[in-house]
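Colleague: Starting from these lines, generate the structure:
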Amino acid sequence: MGKLIAIIKREYLERVRTKWFAIATLLGPVLFLAITVLPVLFVSRTKASVESTNITIIDATAAGLGARVAAQLRDTAKTTPLVRVTLPSELIEAESLATRAVRDKSREGYLILDSLTVQGSKARYAGRNSTTVPDMSRIGNAVEKAVLALRLEGTGLTQSRIDSLTRVDVRLEKTQLSDSGREKSGAGSTILGLVVAFLLYMVLVLYGQTVLRSVIEEKTTRVAEVVISSVRPEILLAGKIIGIGGVAVTQMAVWMASSLWIGANVVPMFLKSRSPGMGAAAADSLARSNDLLSNIPTFSLGLLVALLLFFILGFIFYSCLYAAVGSTVNSESEAQQAATPVVMLLILSAVFIQPVALAPQSTLSAVMSMLPFSAPIMMPMRMSLVAVPAWQVAVSLGGMLIACVAAIWFSARIYRVGLLMYGKRPSFAELFKWLRYS
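Modeller: Predicted coordinates:
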C-alpha cells in the first residue's frame, strides 16, 4: 500500500506543480464559457444583413403579391426590393434578367412568386446570400405574412385589421414536470447538458492521452525497468491511473466552481452593461438572453454525485485501454495509430451528443446512455436534462462496473508484458498470448 501511495503522490504532484496546469486550470472556465455562452448570446442577437432586401421580386401571380412582400421587407430593412410584375409566360426571360443583375452585383438575389406561392406551396429564391440563415429567414417570413395577408383580405378584412391580427410575437415559456415537482427547463437545460457532455468528453480525451504518453515515456526512457524491479506492474498501473485521475478531478472541480461563479456574477454584469441606450429589438434580444441564462438549472447533489461516479468509472475504463495501448508501442507516432480504436469509441460517443441532447427521452438516448463506452458522457447529460428512471441509471452503472473490471483485467496483463517489450509492435495473436500468461 505504501508503494501505491508513493506512486499516486508522484503522478499527482508531478503534474499539479507545472505552470501549464495552473494556466489551464485558471483560464479553462473563461475559455469554456467563451465557447458556450458567448455564441448563444451572439446568435440571439444575430440579424439579417443590410443587403438582404436588395433583391428583385419577380411577381407572376397577377394578385399583387410582390408588392406585399416588398412592403413586408421594407418594414424590416432600409434597402428597397425591386418589384417586377410579369406574366407566367415571360417568367424565364425575367429570371434571366434578374440573374444578370446578381452577376453584375447590382442586386443580391431574386425572388420568384407564382401561382404555387399563392397556394401556399413554395416560392423560389436565388442569390449570393442563399446560405445566410438570417437573410433567408427574413425573406421567408415576409412571403408567409404576405400570402396570409392576401388570403385574409380575400375574406373582406381591412389592411389595418390584418396587420393587427398577424403581427404577433408569442414567447413560449417551458417548465419541466418531474416527480419532485416543477423544475426549470428549456434551452437552459440543453446548454447545461451540452456543457456537461463536452466537459466529460474533453477530460476523458485529454487525460486518457496523458496516461498514454506517461506509459510511453517511462517505457522509452527505460524508467519502467527500474521501477518494476521493486514494484509490481499492476501496482504501477493502478498508481498511475489514480494519480492522473486525481489531477483530472482537481481540475474539473476548479473548472465547475469557477464556471458557476462566472455564470452567476460575471455574465449578468455583462448583460446589464449592454442594456443602456439600446433599441426595442435589442432590448427584446437582451431579455431573451437573460431568460435563457436564468433558466439554466442548478447542479443538484444527486447530479454531482452521478457525474463524479460516471467520470471515475469512465476514466478508469478509458485509461486502462490507453495504458494497454501505450505498453505495446515504442513511440508516440505508433501510439496514434494503435490508439485509433479507443479514440473511435470516444468519437462515436461525441457524434451522438447533439441527438441525445435534443431528444433525451428517446430510445436512442436510453440505449446510448447504457452502453459502457458512451455511458460516462451520455448518462450525466441525460440526467441534467430530464428525470432518468432509476433502473436505467442502475443498468448504466452496472455495465460500467463490469466494463471497468474487464478493462482492468485486460490492460493489467498487456501492461505487465508489454512494458518490457521493445522492437516490433505485437500482432493481435501475440496480444492474446500475453493475456494467457499467468
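Colleague: Next one: residue 397 from residue 383, what distance?
Modeller: 12 Å (CB to CB, to the nearest Å). All C-beta spots, glycine's among them, are computed from the backbone N, C-alpha and C.
Colleague: Same drill for these two, tell me which one is more crowded.
Modeller: residue 383 (23 against 17; other CB atoms under 10 Å).
Colleague: So residue 230: helix, strand or coil?
Modeller: Secondary structure, DSSP: H, G, I helix; E, B strand; the rest coil: residue 230 is coil.
Colleague: now the helices: where do they sit in the stretch 1-150 of the chain?
Modeller: Per DSSP state H, counting those that start in this stretch, the stretch 1-150 of the chain carries helices over the ranges 2-16, 19-44, 65-74, 91-103, 115-118, 133-154.
Colleague: Outline the domain layout of the protein.
Modeller: Following automatic domain parsing, the chain resolves into domains at 2-43+185-436, 50-166.
Colleague: need the least confident one among those domains, by mean pLDDT.
Modeller: Of all the domains of the chain, the minimum mean pLDDT falls on domain 2-43+185-436 (a mean of 77).
Colleague: Figure out the length between the terminal residues of that domain.
Modeller: 29 Å (CA to CA, to the nearest Å).
Colleague: still on that earlier bit, out of the helices of the stretch 1-150 of the chain, which one sits most buried?
Modeller: Most buried of the helices of the stretch 1-150 of the chain by mean neighbour count (mean count of other CB atoms under 10 Å) is helix 65-74; its value is a mean of 22.
Colleague: Now do that helix and helix 133-154, the angle between them.
Modeller: 130 degrees (axes from the mean of the first three to the mean of the last three CA atoms, to 10 degrees).
Colleague: just checking, what packs against helix 65-74?
Modeller: With contacts defined as 3 or more CB pairs under 8 Å, 6 or more residues apart in numbering; DSSP states H and E, helix 65-74 has these neighbours: strand 55-59, strand 82-85, strand 109-113, helix 133-154.
Colleague: Run the chain-centre distance for that helix.
Modeller: Centroid displacement of helix 65-74 relative to its chain, using CA atoms, centre = their mean, to the nearest Å, is 38 Å.
Colleague: again, but for stretch 395-411
Modeller: Taking mean C-alpha positions (CA atoms, centre = their mean), stretch 395-411 and its chain are 27 Å apart.
Colleague: list the buried ones in that stretch?
Modeller: Residues 395, 396, 397, 399, 400, 403, 404, 407, 408, 410, 411 are the ones in stretch 395-411 that count as buried (16 or more other CB atoms under 10 Å).
Colleague: Find the nearest non-adjacent residue to the third one, please.
Modeller: Read that as residue 397. residue 309 (6.7 Å; CB to CB, 6 or more residues apart in numbering).
Colleague: so which of the helices and strands packed on helix 65-74 gets nearest residue 6?
Modeller: Nearest to residue 6, of all the helices and strands packed on helix 65-74, is helix 133-154, at 57.4 Å by CB to CB.
Colleague: Who are the packing partners of that closest one?
Modeller: Against helix 133-154 (3+ CB pairs under 8 Å, 6+ apart) you get helix 65-74, strand 109-113, helix 115-118, helix 159-166.
Colleague: Can you list the neighbours in contact with the longest one?
Modeller: Spelled out, it's helix 65-74. 53, 57-59, 80-81, 83-85, 111, 113, 117-118, 138-139, 141-143, 145-147, 149-150 (CB atoms under 8 Å, 6 or more residues apart in numbering).
Colleague: gap between residue 84 and residue 386?
Modeller: Going from residue 84 to residue 386 by CB to CB gives 52 Å.
Colleague: Repeat that for residue 364.
Modeller: Residue 364 is 14 Å from residue 386, by CB to CB.
Colleague: do residue 336 as well
Modeller: Shown here: residue 336 relative to residue 386, a distance of 38 Å by CB to CB.
Colleague: what does residue 249 give?
Modeller: Residue 249 is 26 Å from residue 386, by CB to CB.
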